[in-house]
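Asker: got a sequence here, can you model it:
(one chain, ligands or ions: 2)
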Amino acid sequence: MKKIIWIKHASQLATLASGKQGPRAKTDMSELGIIEDGSLWIENGYIQAVGTTRELEGKYGERAEEAEIVDASGCLVTPGLVDPHTHVVYGGSREREFEMRLEGATYMDIMNAGGGIHATTRMTRDASEAELIEQATRRLDSFLAHGVTTVEGKSGYGMNLETELKQLRVMKKLQETHPIDLVPTFMGAHAVPLEYKGREDEFIDYLIENVLPVVMEEGLAVFNDVFCEKGVFTPEQSERMLEAGKRVGLIPKIHADEIESYGGAELAAKVGAISAEHLLKASEEGIQAMAKSGTIACLLPATALYLREEAAAGRRMIDEGVPVAISTDCNPGSSPTTSMPLVMNLACISMRLTPAEALTAATYNAACAIKSEDKVGSLEIGKQGDVVLWDVKNYQELQYLFGVNHVKSVWKKGVQVVGKTTN
Ligand SMILES: N=CN[C@@H](CCC(=O)O)C(=O)O
Ligand SMILES: [Zn+2]
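Answerer: Numbering: from 1, shown residues only. Ligands and ions are numbered 1, 2, ... in the order given. Model prediction:
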C-alpha cells in the first residue's frame, strides 16, 4: 500500500484553517478556509501540502507515481469530524426506558427510581472488559463510518474504583486496537450511586481520596467531568470535585444546566472549565460568564431532541461570543446515536447555526474542546491526515440533505478506513 495519498480536484476543500489559534466564536466560526478545486498531499500519516490542484501539481507532479491518487471531483473534502463528548464505553442498553419516556415518564423520574444512569451502571459493573471492548468497538466503527476520526469518551458508569478503572482501561486498550483517537475523561461524579444515596459529600470524598489517585497513577484520563444538576451534584460539590481534579492535573468539564438552570454555566467559567456541556437551561448570566472566560459551549442537539426538550440557545451563544462545539453525547439513555452528520443537521435546524458554523463546531472547535487542535480539526500542514470525502458538492449541501450519511471515504492518519477511492 502506498504511503502517500494525493487528493485532487475536490469541488470544495474545507480546510477550516483561519490563521487564528484557539476556539472560534462570532463571525470566526464562519471561516471555513475553502479551496475550490482543492488538493491535499498526505505523506506518512501527516498533511504535507494543501492548496489548489494546480498548485500541488506544480509541487508534486514529478512524484505522482509514488502516490495513491484520489479523484475528488464533485465532492466536498473536510477534516475528520471530532466528537468531543461521548459515553461510548458502557454495558447493555435501555430501549424500555425510551418507551417509558414516550408513555410519560421523565428522564429524572426514571433515574430516581433506580433506572437511567443507575441501570447502565449495573450493566457496566456486570460486563467483562472483553464485552465492553466488543460493544464499544462496534460503536467506534459506526462513528468512523459517519466521518468521525477523534472521539472523547467518559467513564461514569462504574462510580466505584473497580468499574471506573475498568471503563478507563477499556478506553486505553481501544486506543491500541481501533483507528479512532479516543481521548479519556474521568467522570466518577456522573450520578450519586444508590449505595451513597443521601451521602453525596461522602461520595465526592471517596472519589477524591480513593479513585482519583489511581486514575492518575495509571495515566488514564485527561479531563474530569461532573453532572452538576438539581438532584445530582450541587455547584458546591461539583466545584470541590473539579478543583481536586485540577490539583492533580485534570482539565475540568461540566455537564451543566441540562434539566434545570442551576448555575452550571457560571461554575464552568469560575473553575476555568475548558467546556460546559448541554446548557439547555443556561442562564443569561451564565452565558455572559462563559463568553468572558472563553469556555466552549459543547452543545448536544440530538440529546435535546431525544428528550423532546427545546435545544440550547446555540445561535445566541455564538452571537454573544461563546465558542460553540457540537457532539453526539453518544450514550444509552439520552442520545443513543453515533451520527455526527445528523448532529450537524440538528445544530442548524434546532439551534439556528449556519451550515458553516455547524461544520466549525464539529471540527475545529470540537478539537479545541478536547485540547487536540494541534493535531486534528483542520487540514493544515503538520496535522494528522484525518480526512473525509463526502458525496456532496459543497458544505451547504452537507447540512441541507439531512438525516443521510454522505460519507464516501475516510482516512485516519493517511490510511483509508472507510469506503472506496474514486479512481
Ligand atoms: N446527563 C448526564 N449524562 C448523560 C446521560 C447518561 C445516561 O442517561 O446514561 C448525558 O450527558 O446526557
Ligand atoms: Zn454526557
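Asker: what's the mean pLDDT across stretch 76-85?
Answerer: Taken as a whole, stretch 76-85 has a mean pLDDT of 99.
Asker: list the buried ones in it?
Answerer: Residues of stretch 76-85 classed as buried under the neighbour-count rule (16 or more other Cβ atoms under 10 Å) are L76, V77, T78, P79, G80, L81, V82, D83, P84, H85. All C-beta spots, glycine's among them, are computed from the backbone N, C-alpha and C.
Asker: could you dump those to TSV with distance to ligand 1 and secondary structure?
Answerer: Compiled in TSV, the buried residues of stretch 76-85 are given as follows (distance: Cβ to the nearest ligand atom, whole Å; DSSP: H, G, I helix; E, B strand; the rest coil):
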residue	distance to ligand 1	secondary structure
L76	30	strand
V77	31	strand
T78	26	strand
P79	25	strand
G80	23	coil
L81	19	strand
V82	17	strand
D83	13	strand
P84	12	coil
H85	7	coil
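Asker: could the residues you listed go into CSV alongside distance to I326?
Answerer: Compiled in CSV, those are given as follows (distance: Cβ to Cβ, whole Å):
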residue, distance to I326
L76, 18
V77, 20
T78, 14
P79, 14
G80, 15
L81, 10
V82, 10
D83, 9
P84, 8
H85, 9
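Asker: dump the residue contacts of G414.
Answerer: With Cβ atoms under 8 Å, 6 or more residues apart in numbering as the criterion, the residues that contact G414 are K3, I4, I5, I42, E43, N44, G45, Y46, Q384, G385.
Asker: kindly recompute the last result at 10 Å.
Answerer: Each residue near G414 by Cβ atoms under 10 Å, 6 or more residues apart in numbering is listed here: 2-5, 42-48, 68, 384-387.
Asker: of those residues, which is the most crowded?
Answerer: Using other Cβ atoms under 10 Å as the neighbour criterion, D386 leads these with 34 neighbours.
Asker: residues contacting the residue in the stretch 301-423 of the chain that ligand 1 sits nearest to?
Answerer: Among the residues of the stretch 301-423 of the chain, G333 lies nearest to ligand 1; the distance is 2.4 Å by Cβ to the nearest ligand atom. Remark: with contacts taken as Cβ under 10 Å, 6+ apart, G333 is in contact with 87, 90, 93-94, 97-98, 101, 107, 110-111, 115-117, 119-120, 303, 306-307.
Asker: show me where pLDDT drops low in the stretch 1-150 of the chain?
Answerer: Using pLDDT under 70 as the threshold, the predicted model of the stretch 1-150 of the chain has low-confidence ranges 1.
Asker: which ones among the contacts of G333 are found in helices?
Answerer: If you go by DSSP state H, the contacts of G333 have E97, F98, R101, Y107, I110, M111, I117, A119, T120, T303, Y306 in helices.
Asker: apart from its neighbours in sequence, what residue is nearest the fourth one?
Answerer: Read it as Y107. Using Cβ to Cβ, 6 or more residues apart in numbering and skipping the chain neighbours, the partner closest in space to Y107 is L307 (5.8 Å).
Asker: so that neighbour touches R101, yeah?
Answerer: Yes: the pair L307 / R101 is scored as a contact, 7.6 Å apart, by Cβ atoms under 10 Å.
Asker: how close does V387 get to E43?
Answerer: Distance check for V387 against E43: by Cβ to Cβ, to the nearest Å, it reads 13 Å.
Asker: for L168, same thing?
Answerer: Remark: distance between L168 and E43 (Cβ to Cβ) = 34 Å.
Asker: can you check A127 too?
Answerer: With Cβ to Cβ as the criterion, A127 and E43 are 41 Å apart.
Asker: also V324?
Answerer: With distances defined as Cβ to Cβ, the gap from V324 to E43 amounts to 33 Å.
Asker: keeping just the C-alphas, turn stretch 329-344 into CSV.
Answerer: Taking only C-alpha atoms (Å, rounded to 0.1, in the frame of the first residue of the first chain), the coordinates of stretch 329-344 have been written out as CSV:
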residue,chain,number,x,y,z
ASP,A,329,-23.4,12.7,23.5
CYS,A,330,-23.5,9.1,22.5
ASN,A,331,-24.9,7.2,25.5
PRO,A,332,-27.5,4.6,26.1
GLY,A,333,-30.1,6.9,27.7
SER,A,334,-30.5,10.3,26.3
SER,A,335,-28.7,10.0,23.0
PRO,A,336,-28.0,6.6,21.6
THR,A,337,-26.5,7.8,18.3
THR,A,338,-23.1,7.9,16.6
SER,A,339,-24.1,10.2,13.8
MET,A,340,-22.2,13.5,13.9
PRO,A,341,-23.6,14.4,10.4
LEU,A,342,-27.1,14.2,12.0
VAL,A,343,-25.9,16.4,14.9
MET,A,344,-24.6,19.0,12.4
